[in-house]
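# Let me see the structure of the following:
(one chain, ligands or ions: 1)
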Amino acid sequence: MNIGVLGTGMVGNTIGSALVKLGHSVKMGSRTKGNEKAIAWAAANGANASEGTFADAASFGTVLFNCTKGEGALDALHLAGAENLKDKILIDISNPLDFSKGMPPSLFVCNTDSLGEQIQRAFPQIKVVKTLNIVNCEVMVNAARSSANDRGTMFVSGDDAASKQTVIRDFLTPWGWDDVIDLGDITTARGTEMMLPVWVRTWGATGNGHFSFKIVR
Ligand SMILES: NC(=O)c1ccc[n+]([C@@H]2O[C@H](COP(=O)([O-])OP(=O)(O)OC[C@H]3O[C@@H](n4cnc5c(N)ncnc54)[C@H](OP(=O)(O)O)[C@@H]3O)[C@@H](O)[C@H]2O)c1
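Numbers count the residues shown, from 1 in each chain. As a prediction, the model looks like this:
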């Protein structure tokens, strides 16, 4: 299928390449067409990889990945354009990290709201599915990257049940996530976004970003 990846950072790059490997055609979006990182990514990923603006990528994709910086996510989606986003699944990987006071970052929205909800409220006609935001991007596209024999648990949050099932079937399962918990509506993204302070401190304490969280029942 045609997929729009909004974001030119390491997440957009890694997700975009993994999507091409799954056989999809992918357009990477940026604030500006001809972004240096997007051009390099497209050149490295063959005929099914292209680049353009956020609006180009949103209009190209039947499914979209939001891989933009948390503080810029809403602006990026406004640049993408509500008409281009309408009725599409938006897999939201962004985190509301606030680095303004240095490390470790805090969250600019939490407890009673989340970035996933802010996006869903701003664009009621998109189907936001929050997932993958709790692991490093190399683990996102390869659950076995953290531990081949003891993969972690992935969560999905979103108001549309069918969209969550599509995301699990088309992306999470091929990337090796065999233990997925549907937490419920988009308000449950508060929980997974608030795992980031634990993620950051685990990374700080161990020096290893290639880990995942596991729910043991
Ligand atoms: N790094 C990881 O492994 C990891 C893991 C889990 C979740 N995440 C989350 O994934 C997202 C992407 O992370 P990243 O490290 O790949 O990249 P990033 O540096 O956080 O974000 C890069 C993208 O954000 C866009 N952007 C930045 N400021 C913007 C603004 N004010 N308005 C509109 N767009 C803006 C950039 O646009 P241009 O292309 O125009 O520069 C670029 O496409 C973040 O929300 C991060 O918290 C990252």
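# who touches stretch 137-149?
10-11, 13-15, 17-18, 93, 132, 135, 151-152, 154, 175-178, 210-212 (Cβ atoms under 8 Å, 6 or more residues apart in numbering). To be clear about C-beta, it is placed using only N, CA and C from the backbone, and glycine gets the same treatment.
# check contacts around the residue nearest the centre of the chain.
Among the residues of the chain, the one closest to the centroid is Ile93, at 2.2 Å (Cα atoms, centre = their mean). Residues in contact with Ile93 (Cβ under 8 Å, 6+ apart) are 11, 15, 65-67, 131-133, 140.
# Name the nearest of the residues you listed relative to the ligand.
Val11 (3.4 Å; Cβ to the nearest ligand atom).
# give me every residue that touches that closest one.
Counted by Cβ under 8 Å, 6+ apart, Val11 has contacts 67, 93, 137, 140.
# Beyond the host helix or strand of Thr192, next helix or strand please.
According to DSSP states H and E, Thr192 maps onto helix 189-193. Using DSSP H and E, the next helix or strand after helix 189-193 towards the C-terminus is helix 196-206.
# buried set for that next one?
Counting neighbours by 16 or more other Cβ atoms under 10 Å, one finds that the buried residues in helix 196-206 are 196, 199-200.
# For it, name the packing helices and strands.
The contact analysis (3 or more Cβ pairs under 8 Å, 6 or more residues apart in numbering; DSSP states H and E) places helix 196-206 against strand 106-107.
# quick revisit: secondary structure added to the contacts of Ile93, as CSV?
CSV is the format used below for those (DSSP: H, G, I helix; E, B strand; the rest coil):
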residue, secondary structure
Val11, helix
Ile15, helix
Phe65, strand
Asn66, strand
Cys67, coil
Thr131, coil
Leu132, coil
Asn133, coil
Met140, helix
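# With pLDDT and distance to Ala205 as new columns, can those residues be given to me in CSV?
Formatted as CSV, the contacts of Ile93 follow (pLDDT from 0 to 100; distance: Cβ to Cβ, whole Å):
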residue, pLDDT, distance to Ala205
Val11, 99, 23
Ile15, 99, 27
Phe65, 99, 30
Asn66, 99, 29
Cys67, 99, 26
Thr131, 99, 25
Leu132, 99, 22
Asn133, 99, 20
Met140, 98, 21
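# For this structure, just list every one of the strands.
2-6, 25-30, 49-53, 63-66, 89-92, 97-98, 106-107, 127-130, 154-157, 180-184 (DSSP state E).
# that older thread, drop anything exposed from the contacts of stretch 137-149.
11, 13-15, 17-18, 93, 132, 135, 151-152, 154, 175-177, 211-212.
# Quick check: which of those are also close to the ligand?
For the ligand, the contacts drawn from the buried ones among the contacts of stretch 137-149 by Cβ under 6 Å from any ligand atom are 11, 93.
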